[in-house]
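1. here is a sequence with its predicted model. Questions after.
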Amino acid sequence: MSQGLGPRPATARKSADLRGIVRVPGDKSISHRALMLGGLAAGETRITGLLEGADVIATAKAMQAMGARIRKEADGWRVDGTGNGALLAPEAPLDFGNAGIGCRLVMGLAGVYDFETTFIGDASLAKRPMARVLDPLRAMGVQVKAAVGDRLPATLRGPKTPTPISYRVPLASAQVKSAVLLAGLNAPGITSVTEPVMTRDHTERMLRGFGAALSVETDVEGVRTIRLEGRGRLAGQSIDVPGDPSSAAFPLVAALIVPGSDIIIENVLMNPARTGLILTLQDMGADIEVLNARSSGGEDVADLKVRHSELKGVKVPVERAPSMIDEYPVLAIAAAFAEGATTMNGLEELRVKESDRLSAVAEGLKLNGVDCEEAKSSLVVRGRPGGKGLGNASGERVETHLDHRIAMSFLVMGLASEHPVTVDDTTMIATSFPGFTELMTGLGARIE
């Protein structure tokens, strides 16, 4: 998020057909992990396609503060790591701004070291709960001094020798799983994590790529157990970060709901744990063609050809939630233009994102004329094909609550609504999608 600037509202208006070929910024999840493991590994790591948003840069600065050498070069980013087990005590608090992923994962990575690390963030991050990461770290011997409710600011002090644990994740969360595995890198013996529902597996894939001794077992009921042998050697790697599917979701949904649209989004990550939105939109009748499917750096990638489609409401399978948790806000926008009702369940995780995304989405939809119903962990959206009557003719602004995905989702809505849609702030979009407005207007979107 831009620092020292006031809010920057924006308005999206009904647009003609969107056309063009675009690339979205690098995947945020992979970018964070590449910097962390590159900063911890012995030798040099080279990263191309890194997302250069504020969140990822906060992680880069944190790793620099603990001894890694990180610099941008003409052909990408170069990282000279400290070697596993050799992070240095930071001289000042680690400021993660709005970066929940970076903060929680570095808590795992650095919290088990025998020194103090203080974590701070902006007003939004300070409201987000950290207990689900801090609880397993306490079981490993980490002392925690934190604000009320285990919120930031928080100071962690690791033990002389961390205790490896076997941890069952109570709620599907890639961040909690990853934090425990990263903590296990500095613990002797085997650290294991069991997850009842598979979440994004970038940490497991990347740990293996850097040389960690890691195994994954899946039982007949789909329960996964990941085991990591701690204190092994990690070696620098070359990583090409594919396009973020969570960012691709915005031009993708825009093309589906704006009549006459026909776009191609290149080099999109297609990890099976990240494709829930695409599957759901296809269930709704979306014309999404997967082109040039290939493998890059151990990850599946492809180009997506997207055309305007007449969508129909569906009941989204609850087990799909972990593979698309960040995409529910923009799915709700697609649902607002679909025929019939779209029912989304299993959304508890949305309550503890950059904002209470479930409430923020429901409030924004209602402000712009959408019939929807919010419950504790679900959302039902009754669509209006063609967008007639949608939007807000009086210019009332959607409250984004400092949340980049809320801002981008409602700007997409305005491109197909009868009336304009205005959001109260766009400054935080830079945390995940620098250049969002320029990319969208380049396709023909009317955003001002």
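-> That came through, no problem. Just so it is clear, the model here is predicted, and its values are computed rather than measured. Numbers count the residues shown, from 1 in each chain.
2. domain ranges for the chain, per the record?
-> Per the record, the chain has its domains at 10-26+243-447, 28-240, by automatic domain parsing.
3. against R23, how distant is the closest residue to L252 other than its chain neighbours?
-> Leaving out its chain neighbours, the residue that sits closest to L252 by C-beta to C-beta, 6 or more residues apart in numbering is V306, at 5.3 Å. (Glycine included, C-beta is placed from N, CA and C.) In this view, V306 and R23 are 14 Å apart by C-beta to C-beta, to the nearest Å.
4. now do the buried residues in the helix or strand hosting the residue nearest to L252.
-> Element membership for V306 (DSSP states H and E) is strand 299-307. By neighbour count on 16 or more other C-beta atoms under 10 Å, the buried set for strand 299-307 is E299, D300, V301, A302, D303, L304, K305, V306.
5. what sits against the fourth one?
-> Read it as A302. V268, M270, V290, L291, N292, A293, R294 (C-beta atoms under 8 Å, 6 or more residues apart in numbering).
6. quick one: the helices in the chain?
-> For the chain, the helices defined by DSSP state H cover 28-40, 54-65, 100-111, 131-139, 174-184, 202-209, 245-257, 276-283, 328-336, 357-367, 404-414, 436-443.
7. mean pLDDT added to those, as a markdown table?
-> Supplementary listing: the helices of the chain in a markdown table, determined by pLDDT from 0 to 100:
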| stretch | mean pLDDT |
| --- | --- |
| helix 28-40 | 97 |
| helix 54-65 | 97 |
| helix 100-111 | 97 |
| helix 131-139 | 97 |
| helix 174-184 | 97 |
| helix 202-209 | 96 |
| helix 245-257 | 98 |
| helix 276-283 | 98 |
| helix 328-336 | 98 |
| helix 357-367 | 97 |
| helix 404-414 | 97 |
| helix 436-443 | 98 |
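8. quick one: which of the ones you listed is nearest V380?
-> Between V380 and the helices of the chain, the tightest spacing by C-beta to C-beta is seen for helix 328-336, at 8.9 Å.
9. show me what the closest one is packed up against.
-> Using 3 or more C-beta pairs under 8 Å, 6 or more residues apart in numbering; DSSP states H and E as the contact test, the elements touching helix 328-336 are helix 245-257, helix 276-283, strand 341-345, helix 357-367, strand 378-382, helix 404-414.
10. adjacent strands (with direction) for the fifth one?
-> Within its sheet, and counting by DSSP bridges, strand 378-382 is paired with strand 341-345 (antiparallel), strand 371-374 (antiparallel).
11. so which of the ones you listed is the most surrounded?
-> strand 341-345 (a mean of 20; mean count of other C-beta atoms under 10 Å).
12. residues in contact with that strand?
-> Contacting residues not belonging to strand 341-345 are listed as 284, 313-316, 318, 321, 328, 331-332, 334-335, 377-383 [C-beta under 8 Å, 6+ apart].
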